[in-house]
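> Sequence first, then the predicted structure:
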Amino acid sequence: MKTKYFTIIILLFAISPLRAQVLKGSVVERGSNQRMADVFIRDINSKAVALSDKKGNFDIITGPGHTLIFSSPGYISDTIYVTDMKYRRVEMLVQGIALREVNISATRTMFNPRVEYADVYRKSKIYPMSPSTWFSREGKNARRLKRYFEREEQERHIDSVYNRVYVSSLVPLRGQELEDFMTMYRPTYAYIMNNNGPSLAAYINDCYKKWKTLPPEKKGMQQLHP
């Protein structure tokens, strides 16, 4: 009987590394081979998450049979199915429209990373009496992810206020022209938080007056902040 239990324990230790391994790779922009930083990587099976670093390199705990989703604003999300743990080079394709599109509906669930990724917030904490929480790689990565989530929350709030339905009700633009206009004059989170509805409407109307005076070649994908 003891031999049987011992065998089971050995098998569990042998199987667990196969299920929790580290996949390493890099993310580049397709066509230019430019390294991409802050690409959000999510394992939809284990819910593990990671960000690519400044050089576009990434590593994430995953395993064969898992599916990873790579996403970054302005790029088409890429999905890869993990078949082995060999180094991966992921190429992301630029979207035709750089503006982040968010469909707002009553059924849309709010983005709450503190609930969705509670483990990240737990690992990001720094304890004065625990130096390992200051300098550990896991802690640093968790704090990077936390900052990413904070930016994402801000961007989603902007999207909920500064959306196509609202902007198109104020200016006579449609289609690609509307997308270009909204990208060029997208307000900052600070501006949205410090200005009410009438102020935002005045800002959009003022931007439209500026837009009309621009030559055609200047009405491309630029981004200005109030």
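Sure thing, it's come through.
> Show me the beta-bridge partners of the nearest residue in space to S77 that is not next to it in sequence.
Closest residue to S77 apart from its sequence neighbours, by C-beta to C-beta, 6 or more residues apart in numbering: S71 at 4.3 Å. Where you see a C-beta, it was placed from the backbone N, CA and C, and this is true even at glycine. Here S71 sits in beta bridges with F40, going by DSSP bridges.
> what residue is smack in the middle of this protein?
In the chain, the C-alpha nearest the mean C-alpha coordinate belongs to F40, at 4.6 Å (C-alpha atoms, centre = their mean).
> That residue contacts S71, correct?
Yes: the pair F40 / S71 is scored as a contact, 5.1 Å apart, by C-beta atoms under 8 Å.
> tell me the average confidence for the longest strand anywhere in the chain?
Ranked by residue count under DSSP state E, the longest strand found in the chain is strand 21-29. For strand 21-29, the mean per-residue pLDDT is 95.
> same for that strand, what does it pack against?
In this structure, strand 21-29 makes packing contacts with strand 57-62, strand 88-94, judged by 3 or more C-beta pairs under 8 Å, 6 or more residues apart in numbering; DSSP states H and E.
> How are the strands of this protein distributed by residue range?
With strands called from DSSP E, the chain shows them at 21-29, 40-43, 49-51, 57-62, 67-71, 75-76, 78-81, 88-94.
> Strand partners (parallel or antiparallel) of the third one?
According to DSSP bridges, the neighbouring strands of strand 49-51, each with its direction, are strand 40-43 (antiparallel).
> and if you look at the shortest one?
Counting by DSSP bridges, the strands paired with strand 75-76 are strand 88-94 (antiparallel).
> Tell me the buried residues in the strand it pairs with?
Residues of strand 88-94 classed as buried: R88, V90, E91, M92 (neighbour count, 16 or more other C-beta atoms under 10 Å).
> just those now: which is nearest Y191?
Nearest to Y191 out of the buried residues of strand 88-94 is M92 (C-beta to C-beta; 29.0 Å).
> so what's the residue lying closest to that closest one once chain neighbours are set aside scoring on pLDDT?
Spatially, and ignoring its direct neighbours in sequence, M92 is nearest to Y75 (4.4 Å; C-beta to C-beta, 6+ apart). Per-residue confidence (pLDDT) for Y75: 91.
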